[in-house]
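A.B. asks: No letters, just coordinates:
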Ligand SMILES: C[S@@+](CC[C@H](N)C(=O)[O-])C[C@H]1O[C@@H](n2cnc3c(N)ncnc32)[C@H](O)[C@@H]1O
């Protein structure tokens, strides 16, 4: 996917240089051996990353989002909460292996990724085995992928892809909110779909060897 950048947005993002980081500047956080590193793919407007980072100040968080305008909205939330453990980056998850060294990441969150419903676009789904192989490289042994989606078709497809990649899956549910775990943090899309009565699918995948 092409990075969608607009010059006036880049200018606005400059004002958030403490949180919105350039590709190279992310490395000190990635290499910070004193803290766990959690990464969200497709951060959107940042409700989730701002809330989880606030609850877990001892963990470093990086949010990847391909849309610069959306990153701007997320940056405002991070600033308003005075969070120092979050960095956001305008970045396409396609290139994730360029950003993180092998075994650098403890946990990945994939929340309501684009479903790409057409079969010929299946490879663009962030849970396609092609992506899972990249995640296996950057995750530590025992590292986890937390996945949520409203889309049952995408969810079933993803479970197949996890199996194809040899990744074990637990806590599989087709209705997360039926018995919502107290530590569940609702994302923007989750809130929206839930209000419309759409059940939320969720699972946790654990990479054995990384
Ligand atoms: C459906 S929205 C979900 C946003 C948020 N995670 C939520 O749950 O509310 C998907 C987001 O992923 C971003 N996205 C899509 N493909 C991406 C990619 N390849 N790399 C990074 N972000 C991507 C989109 O721009 C969009 O903001």
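C.D. replies: That came in fine, so what should we check first? A quick note: this is a predicted structure, and the numbers were derived from the prediction, not measured.

A.B. asks: List the buried residues of stretch 158-178.
C.D. replies: By neighbour count on 16 or more other Cβ atoms under 10 Å, the buried set for stretch 158-178 is 158, 159, 161, 162, 165, 167, 173, 176, 177. Bear in mind the C-beta positions are built from the backbone N, C-alpha and C, glycine included.

A.B. asks: That one near the ligand anywhere?
C.D. replies: No: figure legend: stretch 158-178 not in contact with the ligand (Cβ under 6 Å from any ligand atom); closest approach 12.7 Å.

A.B. asks: what's next to that stretch, contact-wise?
C.D. replies: Applying Cβ atoms under 8 Å, 6 or more residues apart in numbering, the contact partners of stretch 158-178 are 125, 127-129, 132-133, 136, 145, 147-149, 152, 155, 184, 194, 199-208.

A.B. asks: Just the ones of these in helices?
C.D. replies: Cross-referencing the contacts of stretch 158-178 against helices under DSSP state H gives 129, 132, 133, 136, 152, 155, 194.

A.B. asks: which of the residues you listed sit farthest apart?
C.D. replies: 133 and 194 (31.8 Å; Cβ to Cβ).

A.B. asks: picking that back up, show the buried residues in the ones in helices among the contacts of stretch 158-178.
C.D. replies: 129, 132, 136, 155, 194.

A.B. asks: which one among those gets closest to the ligand?
C.D. replies: For these, the minimum distance to the ligand (Cβ to the nearest ligand atom) is 11.3 Å, reached by residue 194.

A.B. asks: At the contact with the ligand, which residues of the chain appear?
C.D. replies: So the chain meets the ligand at 1, 41-42, 44, 64-67, 70, 92-94, 111-114, 187-190 (Cβ under 6 Å from any ligand atom).

A.B. asks: Among the residues you listed, name the buried ones.
C.D. replies: Buried among the residues of the chain next to the ligand (16+ other Cβ under 10 Å): 41-42, 44, 64-67, 70, 93, 111-113, 187-190.

A.B. asks: Find the nearest non-adjacent residue to residue 203, please.
C.D. replies: With Cβ to Cβ, 6 or more residues apart in numbering as the criterion, residue 203 has its nearest non-adjacent residue at 4.4 Å, and that residue is residue 172.

A.B. asks: Now intersect the residues of the chain next to the ligand with the strands, please.
C.D. replies: 41, 64, 65, 111 (DSSP state E).

A.B. asks: Residue 89 bridge partners, please.
C.D. replies: residue 64 (DSSP bridges).

A.B. asks: Could I get the contacting residues of it?
C.D. replies: Residue 89 makes contacts with 20, 21, 22, 23, 26, 62, 63, 64, 65, 71, 99, as judged by Cβ under 8 Å, 6+ apart.

A.B. asks: ok, so of the buried ones among the residues of the chain next to the ligand, who is nearest residue 141?
C.D. replies: Using Cβ to Cβ, these come closest to residue 141 at residue 41, 20.2 Å.

A.B. asks: So that closest one sits against residue 66, correct?
C.D. replies: No: assessed by Cβ atoms under 8 Å, residue 41 is found out of contact with residue 66, at 9.6 Å.

A.B. asks: State the number of residues packed around residue 151.
C.D. replies: Residue 151 is flanked by 19 other residues according to other Cβ atoms under 10 Å.
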